[in-house]
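Engineer: Structure of the sequence below:
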Amino acid sequence: MRVFKLMFYVLLLAGFACCGASGNSDAAADSIGRNSMTEETHTVNTENINLINLVYRKFVFAIDSDGYEINNPEKYFTSNALKKLMDDYTFDCDNGYCYAYYALRTEAQDSKPESDDVSIIYSIDMSENGWYLVSYSDMGWFGKTRIRIVDGKIDDYERIESSYSKKL
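Structural biologist: I've put the predicted structure just below:
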């Protein structure tokens, strides 16, 4: 009788151990799934931030521009953004398509007095639904622009803050 009692306790403990291990493996699988989703989100976020940095460097601030990329904005902008950039263009356009890349910065045409005349991005913060908030200095003038990324390209933008004043 005592042997049966001992076997009962051994089987009971084995049952508890199996259930506990099974729950832990499910938790581990959930954790791995969450980590891969977090890594995937981080990768996409990093790619989008790199895109915004590149576009500002080559198009908006025109620090690192080259003829090929300037003439092929479709690589970085969706058709929606390109249409908006064409609509925002305020000068005469004699040679094909003209885009208002300046719409992604402040309205300043001259550098801020007593500034170092440098244009740089301070930060790019992810917002919601593919939107990013870009904070920058445009020749010494502070600005913020919201940019939406869709399928790895800039799809929309909105200037939301600028320290530039036309009363200079």
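Engineer: The closest residue to residue 119 other than its chain neighbours: neighbour count?
Structural biologist: Using C-beta to C-beta, 6 or more residues apart in numbering and skipping the chain neighbours, the partner closest in space to residue 119 is residue 61 (4.2 Å). Glycine gets a C-beta too; all of them are placed from N, C-alpha and C. Residue 61 has 22 neighbours, counted by other C-beta atoms under 10 Å.
Engineer: Ok, residue 146 next?
Structural biologist: Neighbours of residue 146 (other C-beta under 10 Å): 15.
Engineer: quick revisit: so who does the residue nearest to residue 119 touch?
Structural biologist: Residue 61 makes contact with 105, 119, 138, according to C-beta atoms under 8 Å, 6 or more residues apart in numbering.
Engineer: Nearest to residue 89, out of those residues: which one, please.
Structural biologist: residue 105 (14.2 Å; C-beta to C-beta).
Engineer: The closest one: neighbour count?
Structural biologist: Around residue 105 there are 22 residues (other C-beta under 10 Å).
Engineer: what about it, distance to residue 39?
Structural biologist: 33 Å (C-beta to C-beta, to the nearest Å).
Engineer: if we can go back for a sec, save the contacts of residue 61 as JSON lines, and put in pLDDT, distance to residue 154 and secondary structure too.
Structural biologist: Output for those, formatted as JSON lines (pLDDT from 0 to 100; distance: C-beta to C-beta, whole Å; DSSP: H, G, I helix; E, B strand; the rest coil):
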{"residue": "105", "pLDDT": "93", "distance to residue 154": "14", "secondary structure": "coil"}
{"residue": "119", "pLDDT": "92", "distance to residue 154": "18", "secondary structure": "coil"}
{"residue": "138", "pLDDT": "93", "distance to residue 154": "17", "secondary structure": "strand"}
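Engineer: Mind putting those residues into JSON lines with distance to residue 112?
Structural biologist: What follows is the contacts of residue 61, written out as JSON lines (distance: C-beta to C-beta, whole Å):
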{"residue": "105", "distance to residue 112": "13"}
{"residue": "119", "distance to residue 112": "11"}
{"residue": "138", "distance to residue 112": "9"}
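Engineer: and of those residues, the nearest to residue 130?
Structural biologist: Out of these, the member with the shortest distance to residue 130 (by C-beta to C-beta) is residue 105, at 20.6 Å.
Engineer: Just give the closest residue to that closest one, not the sequence neighbours.
Structural biologist: residue 138 (4.6 Å).
Engineer: That neighbour contacts residue 119, doesn't it?
Structural biologist: Yes - with contact defined as C-beta atoms under 8 Å, residue 138 reaches residue 119; the gap is 5.2 Å.
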